[in-house]
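Asks: The following comprises the amino acid sequence and a computationally predicted model.
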Amino acid sequence: MHWIDWLIVIVPVSFILWIAFHSRKYIHGVVDFLAAGRLAGRYVLTVGDMTAGLGLITMVAVVEGSRRSGFAMGFWGLSTSIVGTLVALTGFCVYRFRRSKALSNGQFLEMRYSRKVRIIASFIRILSEMIINSVSPAVSAMFFIYFLGLPQNFTLWGISVATYPFLVGVNLLIALAVILPGGRIALCITDAIQGLFCYPIFIMIVGYIIYNFSWDNQIVPVLTDRVPGESFLNPFDIFNLRDFNIVFVLVMVIGSTYNRGAWLGNDTSTAGRTPHEQKMAGILGMWRNGFGQLMLVLIGMAVIVGINHADFAPRAHEIRQELSARVAGDVARSDAEAENLKKSFSVIPPLVHTIGVDEPMSQKNDLDTVYLDAAKKTIGDTPEGNFIFQKFSTLYNQMILPASFRRMLPTGLLGAFFLIGILLMITTDDSRLFNASTAIVQDLVLPFKKKEMTPKQHMRLVRWVTVGVALFFFIVAVSLTQLDYLQMLTFIVLALWLGAAGPLFVFGLYSRFGNTIGAYCSLIFGSGFALISVLVQRNWAEVVYPFLDSHGWVESVGWFLTKVSGPMNPYVVWEMSAVKCPINSMEFWFMAMLLATIGYVAGSLLTFRKPYNLDRLLHRGKYNTDGVEEFKMKWTLRTMFGKLIGITPDYTRGDKAIAYSVFCFTFIYQFGFLFLMAVIWNAISPWPVSYWSSYYFIIYLVVTPIIGVISSVWFTWGGIKDILQLFKDLAKRVDNPLDDGRVEGHVSLVDVEKFGKDED
């Protein structure tokens, strides 16, 4: 890279590290370190959450999925947008959790169920969270190796050092430098600042892609050059897509909504100035996300077109040759095998696909298939060979993004893309490190602590545990083997917790019948089934399939899976394979959630004694001792609409404008105009390709960029204003040492002195 590119990276990152160090002076007590004093404004929360939620690993995962299923799936996502909007507008789970004033996920579980449930559930959550979050620094390190073209080893002070573990360590050290001085205060502020840096870069990258790729002559021809049933543009012609299909979208929407409370308490969900401010941050997120998602869509589109269109064939050949050779060196069992792989790739000539002349591309046959087939043939068709091939194909599909953009972007923009990669890496890794460490201290250490800690001791413990979590991330990252798409890997590992968490929080926050027995049943059936699923998937090629084959059960099990999935074809197809488990991660996750719900409801109802005291948990009625005003709205024709979308009397005129704008944008524009109108029109008269081309052009290249530019200015102004206000409020905050996450008699210790222990 040019020195200008390095300057673009170094200056902003140095400023962020300085801000993180500066934030330490505002730490007065545990609540400051863990929850930013519960003083964060809506824009600090929403801008920071954008970058923390987006993440470098998310960029890689989205591009990986886009190359598999294109952009037609985004159309069906519009039908589910109303769910996310209603969840945000009503503050589903978030508002009530903030009212509970729990400092951690586990503290809520102890107040609602029992200390044992807190410990068991927290252990499951933290373990699954730490395992999958260890993937992030691993993917980030590989991303920068392939993006910068770094060698596998380099010499440092005369010692040969492996590049990959070195970069993993550097990633984690940067994250620690942000976390340790100021905890959640540093995270909220630096994540928000990084979000402000990201907005102009989003605009530049989107503009560059739009300028350098012809929509009519390059993008649309590539996206329409697909076999029937696997269209990248027509959402009514995707019945043969596997993995990333309609089932994927439905399960993701159901799971993300049902598990909305699963991560609350160990992130910024406890940092809002008030429950209302926390809720408004979620609503603003509906405007915030659009531009970031557009950037991911266009980056995926640029990769697909850049490696498949004939106009870019020479560059695509260089990309594939370099990428396949590097991946071979990373996954081969020996130097000899690596050399054989490289030789098999070097004889592959430049691949030029002539649209309209050559056979259309498909999931099983595209320009990358030649390289994958060459790798499989060289590695060999054995259980161990299938395992190595899985590693090769996984890394190949993930690293095609940095390998492509390295050769695609000019000086200046190359540095900007490098910067956004580092910013998204920092916001992801530091948040996940701190979330895990606070969860360990608050939910696995604090409940066993008999001797009271001072605030300084408490914060010192969190810092040391954070270092320990970073070490765990490092060990897992350097030893982890990825065998599936990133999104699929994420969901199957998190299913250990998310398979059971939904009932614990939804029924815990909204029902009076849920009890401890129901919580145990949810954990046993949901997490237990998910654990079996993880083991089956992880060991399929090396253990499970060879075991079935040695006992002559491959045919019978394959017949059973085909029969069971038959009624759900073509969207669910369970076909026996020696390489990959027939049931994918989303399908396993859905089954785990279903079993957990049945277990929770059945267990609670069978052992139900008396209604739970929700008012005490949520500080309502006589338990409202903190001065937060409660509002009750009567159901009238005048108030019905506002109540349905979550508007209460504490909404200002500006709050109402934001809520109504989000509602109208989602329900009228996205669902009504973009989705429902298109469905009805295509049911009467199916659109030709030219219509779908114009449809996506208007959505992606006209409307969303306009909204993105407006929201960038809006959130930049709001973010700067809220950051300055947060510093002022923190300087004046008075700490209560009892407010540290301890629970006594199902009641937070800080509230015991106000309204006593549990009356039960």
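Replies: Yep, it's here.
Asks: make it CA atoms for all contacts and neighbour counts henceforth
Replies: Will do.
Asks: Any regions of the stretch 51-200 of the chain where pLDDT drops low?
Replies: 51-53 (pLDDT under 70).
Asks: For it, just list every one of the helices.
Replies: 56-69, 73-79, 81-90, 94-100, 105-112, 115-133, 135-148, 163-212 (DSSP state H, counting those that start in this stretch).
Asks: and among those helices, the most buried is which?
Replies: Ranked by average neighbour count under the criterion mean count of other Cα atoms under 10 Å, these are headed by helix 105-112 at a mean of 27.
Asks: on contacts alone, who are the packing partners of it?
Replies: Counting contacts by 3 or more Cα pairs under 8 Å, 6 or more residues apart in numbering; DSSP states H and E, helix 105-112 is packed against helix 115-133, strand 743-744, strand 747-748.
Asks: hmm, which helix or strand of the chain has the shakiest average pLDDT?
Replies: Using mean pLDDT, DSSP states H and E, helix 637-644 stands out as the lowest-scoring helix or strand of the chain, at a mean of 57.
Asks: And the next helix or strand past it?
Replies: Later in the chain than helix 637-644, the nearest helix or strand by DSSP states H and E is helix 653-663.
Asks: List the buried residues for that next one?
Replies: Of the residues in helix 653-663, D655, K656, I658, A659, Y660, V662, F663 count as buried by neighbour count, 16 or more other Cα atoms under 10 Å.
Asks: pull the CA atoms of it into PDB?
Replies: Extracted in PDB, the C-alpha atoms of helix 653-663 (Å, rounded to 0.1, in the frame of the first residue of the first chain):
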ATOM      1  CA  ARG A 653     -42.900  15.600  19.300                       C
ATOM      2  CA  GLY A 654     -39.600  14.600  17.800                       C
ATOM      3  CA  ASP A 655     -39.800  11.100  19.300                       C
ATOM      4  CA  LYS A 656     -43.300  10.700  17.700                       C
ATOM      5  CA  ALA A 657     -41.900  11.900  14.300                       C
ATOM      6  CA  ILE A 658     -39.100   9.400  14.400                       C
ATOM      7  CA  ALA A 659     -41.500   6.500  15.400                       C
ATOM      8  CA  TYR A 660     -44.100   7.500  12.700                       C
ATOM      9  CA  SER A 661     -41.300   7.900  10.100                       C
ATOM     10  CA  VAL A 662     -39.900   4.400  10.800                       C
ATOM     11  CA  PHE A 663     -43.500   2.900  10.800                       C
END
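Asks: Next, the angle from that helix to helix 81-90.
Replies: Helix 653-663 and helix 81-90 are oriented at 160 degrees to each other (axes from the mean of the first three to the mean of the last three Cα atoms, to 10 degrees).
Asks: average pLDDT across helix 653-663?
Replies: Here helix 653-663 scores 82 as its mean pLDDT.
Asks: for stretch 577-590, same thing?
Replies: For stretch 577-590, mean pLDDT rounds to 87.
Asks: Also stretch 420-439?
Replies: Averaged across stretch 420-439, pLDDT comes to 86.
Asks: ok, of the buried residues of helix 653-663, which one's closest to V11?
Replies: Of all those, V11 sits closest to I658, with 34.9 Å by Cα to Cα.
Asks: so the closest one touches A281, yeah?
Replies: No: look at I658 against A281 with Cα atoms under 8 Å: they stay out of range, at 10.8 Å.
Asks: if we can go back for a sec, out of the buried residues of helix 653-663, which one sits closest to K376?
Replies: Of those, the one sitting nearest to K376 (Cα to Cα) turns out to be V662, at 49.3 Å.
Asks: close enough to count as contact, the closest one and I283?
Replies: Yes: between V662 and I283 there is a contact under Cα under 8 Å: 7.5 Å.
Asks: Spit out the residues that contact those two alike.
Replies: Listed as contacting both V662 and I283 by Cα atoms under 8 Å, 6 or more residues apart in numbering are T85.
Asks: export the helices and strands packed on helix 105-112 to TSV and tack on distance to G415?
Replies: TSV is the format used below for these (distance: least, Cα to Cα, whole Å):
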stretch	distance to G415
helix 115-133	26
strand 743-744	49
strand 747-748	49
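Asks: T607: which of these is closest?
Replies: Among the helices and strands packed on helix 105-112, helix 115-133 comes nearest to T607, with 16.3 Å by Cα to Cα.
Asks: which secondary structure elements does the closest one contact?
Replies: In terms of contacts (3+ Cα pairs under 8 Å, 6+ apart), helix 115-133 is packed against helix 105-112, helix 413-440, helix 455-479, helix 486-510, helix 516-522.
Asks: hey, where'd the helices end up in the stretch 501-650 of the chain?
Replies: 516-522, 528-538, 545-550, 554-565, 585-606, 614-617, 637-644.
Asks: Of the ones you listed, which is nearest A102?
Replies: Checking the helices of the stretch 501-650 of the chain against A102 by Cα to Cα gives helix 614-617 as the closest, at 9.4 Å.
Asks: Alpha carbons of the closest one, in PDB - could you do that?
Replies: The C-alpha atoms that make up helix 614-617 are tabulated as PDB, following Å, rounded to 0.1, in the frame of the first residue of the first chain:
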ATOM      1  CA  LEU A 614     -43.800  -9.000  37.700                       C
ATOM      2  CA  ASP A 615     -44.400  -5.500  39.200                       C
ATOM      3  CA  ARG A 616     -41.500  -6.000  41.600                       C
ATOM      4  CA  LEU A 617     -39.200  -7.200  38.900                       C
END
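Asks: which residues are contacting it?
Replies: Helix 614-617 has contacts (Cα under 8 Å, 6+ apart) with S100, M111, R112, L509, S511, R512, G621, Y623, V747.
Asks: ditto for stretch 500-507
Replies: Outside stretch 500-507, the residues that touch it by Cα under 8 Å, 6+ apart are 93, 109, 258-262, 514, 519, 522-523, 525-527, 592-593, 596-597, 600.
Asks: ok, now stretch 555-570?
Replies: Under the contact criterion Cα under 8 Å, 6+ apart, stretch 555-570 has outside partners F239, N240, V572, V573, W574, E575, M576.
Asks: ChimeraX command to pick out the buried ones of those?
Replies: This is how ChimeraX selects the buried members of the contacts of stretch 555-570, with burial counted by 16+ other Cα under 10 Å:
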select :239,240,572,573,574,575,576
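Asks: now the contacts of stretch 555-570 as TSV including distance to M73?
Replies: Putting these into TSV (distance: Cα to Cα, whole Å) gives the following:
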residue	distance to M73
F239	11
N240	12
V572	16
V573	18
W574	21
E575	23
M576	26
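Asks: so which of the contacts of stretch 555-570 would you say is closest to S694?
Replies: Nearest to S694, judged by Cα to Cα, of the contacts of stretch 555-570 is F239 at 22.6 Å.
Asks: what sits against N240?
Replies: Counting by Cα under 8 Å, 6+ apart, N240 touches G229, E230, P570, Y571.
Asks: Go again with 10 Å.
Replies: Residues in contact with N240 (Cα atoms under 10 Å, 6 or more residues apart in numbering) are V227, P228, G229, E230, S231, S362, Q363, N569, P570, Y571, V572, V573.
Asks: on that earlier part again, let me know which of the helices and strands packed on helix 115-133 is the nearest to G29.
Replies: Comparison of the helices and strands packed on helix 115-133 against G29 by Cα to Cα identifies helix 455-479 as nearest, at 5.6 Å.
Asks: in that closest one, what counts as buried?
Replies: For helix 455-479, by 16+ other Cα under 10 Å, it's 455, 458-459, 461-463, 465-467, 469-471, 473-474, 476-478.
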